[in-house]
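S.K.: Quick one, what's the 3D model for this:
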Amino acid sequence: MTIVVDSDGLIGLINKDDSHNSVSLATLEKLIQKEAKLIYPATVITEATAILQIRLERPELAAEIVKLLLDGKLIIEAVDYVLLKEASLLLKLGMRKHNTLFDAIVASVAKKHKADAIFSFDRWYPKLGFKLAVDMF
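M.R.: As a prediction, the model looks like this:
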């Protein structure tokens, strides 16, 4: 089973104050039982750490993500020109402010890997034909 992780899913896992924390942890536990492979687009790491540092003022949590990265605990998907171009085609810029290029990159990585689901709470992904990991169990 292959799951692509979005920044809201990652933040939900690492931030105990996040409204999705308990659901995120329960979902992760089930994914571990299923021996799921979790893939993190490089942009998810940068987006999540920026949100934690700037918006949520939790630099210590951003540092935890960086430590996981440096310790080789995360499977990182590089974002190259081809992936970025594909993601750009998914967006209808100006249509909705909540669906960003970050989200489109996650969707493109999920498509590339034929992912079983995306670990996110963003209801835009099912509109693109993807399942959400939180809805699998």
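
S.K.: packing partners for the helix or strand hosting residue 29?
M.R.: Assigned by DSSP states H and E, residue 29 falls within helix 21-33. In terms of contacts (3 or more Cβ pairs under 8 Å, 6 or more residues apart in numbering; DSSP states H and E), helix 21-33 is packed against helix 7-14, strand 117-119. Just so you know, the C-beta spots here come from the backbone N, C-alpha and C atoms, and that holds for glycine as well.

S.K.: moving C-terminal of it, what's the next helix or strand?
M.R.: Next along from helix 21-33, by DSSP H and E: strand 37-41.

S.K.: quick one, that following strand and helix 21-33 angle?
M.R.: 120 degrees (axes from the mean of the first three to the mean of the last three Cα atoms, to 10 degrees).

S.K.: mind listing what strand 37-41 pairs with, with the direction of each?
M.R.: strand 2-5 (parallel), strand 75-77 (parallel) (DSSP bridges).

S.K.: in it, what counts as buried?
M.R.: Neighbour counts over strand 37-41 (16 or more other Cβ atoms under 10 Å) mark 38-41 as buried.

S.K.: Just checking the distance from that strand to the centre of its chain.
M.R.: 8 Å (Cα atoms, centre = their mean, to the nearest Å).

S.K.: Likewise for stretch 46-62?
M.R.: 14 Å.

S.K.: coming back round to it: need the winner for burial among the strands paired with strand 37-41.
M.R.: strand 2-5 (a mean of 25; mean count of other Cβ atoms under 10 Å).

S.K.: low-scoring pLDDT stretches of this structure, where are they?
M.R.: The chain contains residues with pLDDT under 70 at 92-97.

S.K.: Spatially, what comes nearest to residue 124 if we skip its sequence neighbours?
M.R.: residue 99 (5.0 Å; Cβ to Cβ, 6 or more residues apart in numbering).

S.K.: With residue 125 instead?
M.R.: residue 118 (4.9 Å).

S.K.: Next: residue 90.
M.R.: Using Cβ to Cβ, 6+ apart, the closest residue to residue 90 is residue 104 (4.2 Å).

S.K.: Check which helix or strand the one you found maps to.
M.R.: Residue 104 belongs to helix 101-112, assigned by DSSP H and E.
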